[in-house]
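Enquirer: Got a predicted model here, sequence first, then my questions.
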Amino acid sequence: MSVRVRFAPSPTGALHIGGVRTALYNYLFAKKHNGTFVLRIEDTDQNRFVDGAESYIENALEWAGISPDEGVKAGGGYGPYKQSERKVRYKAFADQLIAEDKAYIAFDTPEELDAMRERLKEARVANPQYNAITRMQMRNSLTLSAEEVDNLIAEGHPYVVRIKLPRNEDVRFKDLVRGWVVVNTATMDDKVLLKSDGMPTYHLANIVDDHQMEISHVIRGEEWLPSAPLHVMLYEYLGWEKPEFAHLPLLLKPDGNGKLSKRAADKLGFPIFPLNWVDPATNELSKGFKEEGYLSDAFINFLALLGWNPGGEKEIFSMDELIELFSLEKINKAGAKFDIEKAKWFNEQYLKSRSDEELASEFMTLLGEGIDESKAISIAGALKERVTFVKDMIVAGGFFFATPESYDEKTVRKKWNQLAVDKLTGFASHLKGLEQIDREEARDVLMRYLAEDETPLGRVMPALRLALTGQAGGPDLMAIIEILGPAEVVSRIERAIGTITLND
Ligand code: GLU
């Protein structure tokens, strides 16, 4: 059997990071088994439709490198891939189920449904349902005569189609993550399959599409686990072979207390969407991981390990390695705590491994102002081990672009003294008139000069760094000298000597 999986988001807003993880696991599983990854847009609920959400989903997956083999944009032989374009397909199955006495027509108005729930609550029924018992007190094709039903329909009374569940029967299926799941139909609701506007509900559309698209494995978030028994019943009723199910653990807040929500992420100050999202209703901007500065491969590596682990100590995995190692059996049952510090750590690791040239071009774009490319490459090389995001280079490397305005006080107190000033003056005089100097030459000149009277390096280096950067720490000082160039180094040393008050 060939593996066909799908990611089936509803375009009701930006794609949450949990959705990206679901897409990723589907993708990894498909690729691992030389299968097909389908992107299906579940837009049957027109009331919840949000402008721009569908293209957001496409763009987010593209940025993350999770490219669908089939979908609205990618095309494929099982289309259309948007449920609103498949409308005509669903009703026939609802009709088939009615004809086979596995579904029925219900005319109850919202008021009647409310009254039923109230009655049940008063009778102390904890979980009021439309089920094998209560449906016999409602207005539906099980309690009305065929003639009455036909008349009501002819008069234009709105109606829905509900599944007719057995009164007391165990529904069982084996979830590839959670093991055997057994639910008794006595605890289930006769869910609506077809709404009064003729549109299918999620349940009907979902299983018809999964069947028609020959989906072999349904891999989705745990929030859909309660719907799975109903889906299993529908497969049985329609006589279709059901797919395998794998329900993924929830993403939890960093403290493990409850589901990771946009509210929680906002409060803690980290993104929850892959890309920037402007809510069309409120115009509110939510920052994305991309715009925050995360590299897509770092983001994927981080996400892959939220709820799955191949075992062992290794943490850095390329997409190809993830594909190679991925298995549904190694997905955890327990929720995965979201740790933004870990995401940052991944970004640092991936940043370090990027070439100086690549980082320089991003850095130059961010900087916006003209800067010499070779200088940008050197700056990127000097800073890439010291920052979390490329954008941090602008702050961390501020001294490359401007003479320090102030000097770290503690270093001034401890390291700025007559000896240091004398040695800096001497070093500056060796640099004067030079066009350029590379880091090895700079080290050489400084070492040889200090060796003349055996001045220890430690007596001069902190003062030199202070004069050039204003700071106590930073990237390799000789690299800084190479990047700034001899003339700038001399001018900064002179400025520091003229500005900083000498300690005795
Ligand atoms: N449309 C559902 C969602 O928004 C799909 C759930 C499923 O994968 O079955 O997540």
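Expert: Right, received. Where do you want to start?
Enquirer: Let me know the outermost residue of the chain.
Expert: residue 453 (59.1 Å; CA atoms, centre = their mean).
Enquirer: and that one, what is it in contact with?
Expert: Contacts for residue 453 (CB atoms under 8 Å, 6 or more residues apart in numbering) come out as none. The way it works is simple: take the backbone N, C-alpha and C, and place the C-beta from them, glycine included.
Enquirer: is it true that it lies in a helix?
Expert: No. Counting by DSSP: H, G, I helix; E, B strand; the rest coil, residue 453 falls outside a helix, being coil.
Enquirer: Pick out the residue of the stretch 351-500 of the chain closest to the ligand.
Expert: Here the residue of the stretch 351-500 of the chain nearest the ligand is residue 389; by CB to the nearest ligand atom that distance is 30.5 Å.
Enquirer: ok, back up a step: what about the residue farthest from the centre of the chain, distance to residue 426?
Expert: 10 Å (CB to CB, to the nearest Å).
Enquirer: same check, this time on residue 272
Expert: Residue 272 is 56 Å from residue 426, by CB to CB.
Enquirer: Neighbour count: those two, which is higher?
Expert: Neighbour tally, residue 272 and residue 426, criterion other CB atoms under 10 Å: the higher count belongs to residue 272, 24 against 16.
Enquirer: ok, residue 411 - how many residues close by?
Expert: Residue 411: 18 neighbours (other CB under 10 Å).
Enquirer: how near is residue 41 to residue 85?
Expert: 9 Å.
Enquirer: who has more neighbours, these two?
Expert: Neighbour comparison, residue 41 and residue 85: the larger count goes to residue 41, with 22 against 13 (by other CB under 10 Å).
Enquirer: Taking the stretch 301-450 of the chain, what residue is nearest to the ligand?
Expert: Closest point on the stretch 301-450 of the chain to the ligand, by CB to the nearest ligand atom, is residue 328, at 14.9 Å.
Enquirer: can you pull the contacts of residue 449?
Expert: By CB under 8 Å, 6+ apart, the contact set of residue 449 is 423, 426, 427, 430.
Enquirer: of the residues you listed, list those near the ligand.
Expert: By CB under 6 Å from any ligand atom, no member of the contacts of residue 449 lies near the ligand.
Enquirer: possible to save those residues as a markdown table with pLDDT, secondary structure and distance to residue 20?
Expert: What follows is those, written out as a markdown table (pLDDT from 0 to 100; DSSP: H, G, I helix; E, B strand; the rest coil; distance: CB to CB, whole Å):
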| residue | pLDDT | secondary structure | distance to residue 20 |
| --- | --- | --- | --- |
| 423 | 97 | helix | 55 |
| 426 | 97 | helix | 58 |
| 427 | 97 | helix | 53 |
| 430 | 96 | helix | 56 |
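Enquirer: picking up where we left off before, so the residue of the stretch 301-450 of the chain closest to the ligand makes contact with residue 177?
Expert: Yes. Assessed by CB atoms under 8 Å, residue 328 is found in contact with residue 177 at 6.6 Å.
Enquirer: quick one: common contacting residues for these two?
Expert: Residues within reach of residue 328 and of residue 177 at once, by CB under 8 Å, 6+ apart, are residue 246.
Enquirer: Report the distance from the longest helix seen in the chain to the chain centre.
Expert: Identified as the longest helix of the chain according to DSSP state H is helix 17-32. Computed by CA atoms, centre = their mean, to the nearest Å, the chain-centroid distance of helix 17-32 equals 11 Å.
Enquirer: CA atoms only: put the helix or strand just after that helix into CSV for me.
Expert: Sequence-wise, the next helix or strand downstream of helix 17-32 (DSSP states H and E) is strand 36-39. In CSV, the C-alpha atoms belonging to strand 36-39 read as follows (Å, rounded to 0.1, in the frame of the first residue of the first chain):
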residue,chain,number,x,y,z
THR,A,36,2.8,11.6,-1.0
PHE,A,37,2.1,14.6,1.1
VAL,A,38,-1.2,16.3,0.3
LEU,A,39,-2.3,19.8,1.4
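Enquirer: Establish whether strand 36-39 and the ligand are in contact.
Expert: No. Strand 36-39 stays out of contact with the ligand when judged by CB under 6 Å from any ligand atom, the minimum separation being 11.1 Å.
Enquirer: buried sites along that strand?
Expert: By 16 or more other CB atoms under 10 Å, the buried positions in strand 36-39 come out as 36, 37, 38, 39.
Enquirer: Could you do stretch 203-213 as well?
Expert: Applying a neighbour-count criterion of 16+ other CB under 10 Å, one finds 203, 204, 205, 206, 207, 208, 209, 210, 211, 213 buried in stretch 203-213.
Enquirer: Rounded mean pLDDT for the strand or helix carrying residue 488, please.
Expert: Per DSSP H and E: residue 488 is located in helix 486-499. Across helix 486-499, pLDDT averages out at 96.
Enquirer: Repeat that for stretch 395-403.
Expert: Average pLDDT, stretch 395-403: 91.
Enquirer: Flag every buried residue along stretch 371-378.
Expert: 375, 376, 377, 378.
Enquirer: Report the contact partners of the residue of the stretch 201-350 of the chain found nearest the ligand.
Expert: For the stretch 201-350 of the chain and the ligand, the shortest gap (CB to the nearest ligand atom) falls at residue 220, measuring 3.5 Å. Applying CB under 8 Å, 6+ apart, we find residue 220 in contact with 8, 22, 246, 247, 248.
Enquirer: one more time with 6 Å
Expert: Applying CB atoms under 6 Å, 6 or more residues apart in numbering to residue 220 gives the contacts residue 22.
Enquirer: That one belongs to a helix?
Expert: No. Counting by three-state DSSP, residue 220 is not part of a helix but strand.
Enquirer: And it, how far from residue 46?
Expert: As judged by CB to CB, residue 220 and residue 46 stand 22 Å apart.
Enquirer: now swap in residue 68 and tell me
Expert: 23 Å.
Enquirer: More neighbours: which of these two?
Expert: Remark: of residue 68 and residue 46, residue 68 carries more neighbours, 25 against 9, as counted by other CB under 10 Å.
Enquirer: residue contacts, the nearest residue to the more buried one once chain neighbours are set aside?
Expert: In space, and not counting its chain neighbours, residue 68 is closest to residue 39: 3.7 Å by CB to CB, 6 or more residues apart in numbering. Residues near residue 39 by CB under 6 Å, 6+ apart: 7, 68, 71.
Enquirer: and which of these is nearest the ligand?
Expert: residue 7 (7.3 Å).
Enquirer: Pick out the residue in the stretch 51-200 of the chain sitting closest to the ligand.
Expert: Counting by CB to the nearest ligand atom, the stretch 51-200 of the chain gets nearest to the ligand through residue 83 (8.7 Å).
Enquirer: Around that residue, count how many other residues there are.
Expert: Neighbours of residue 83 (other CB under 10 Å): 24.
Enquirer: Quick check: phi and psi at it.
Expert: Note on residue 83: its backbone torsions stand at phi -60, psi -30 [degrees, to the nearest 10].
Enquirer: Which of the three states applies to the nearest residue to residue 190 once chain neighbours are set aside?
Expert: Closest residue to residue 190 apart from its sequence neighbours, by CB to CB, 6+ apart: residue 162 at 4.3 Å. Assigned with three-state DSSP, residue 162 falls in the strand class.
Enquirer: picking up where we left off before, mind telling me the two of the buried residues of stretch 203-213 farthest from one another?
Expert: The span of the buried residues of stretch 203-213, defined through CB to CB, is set by 203 and 213 at 16.0 Å.
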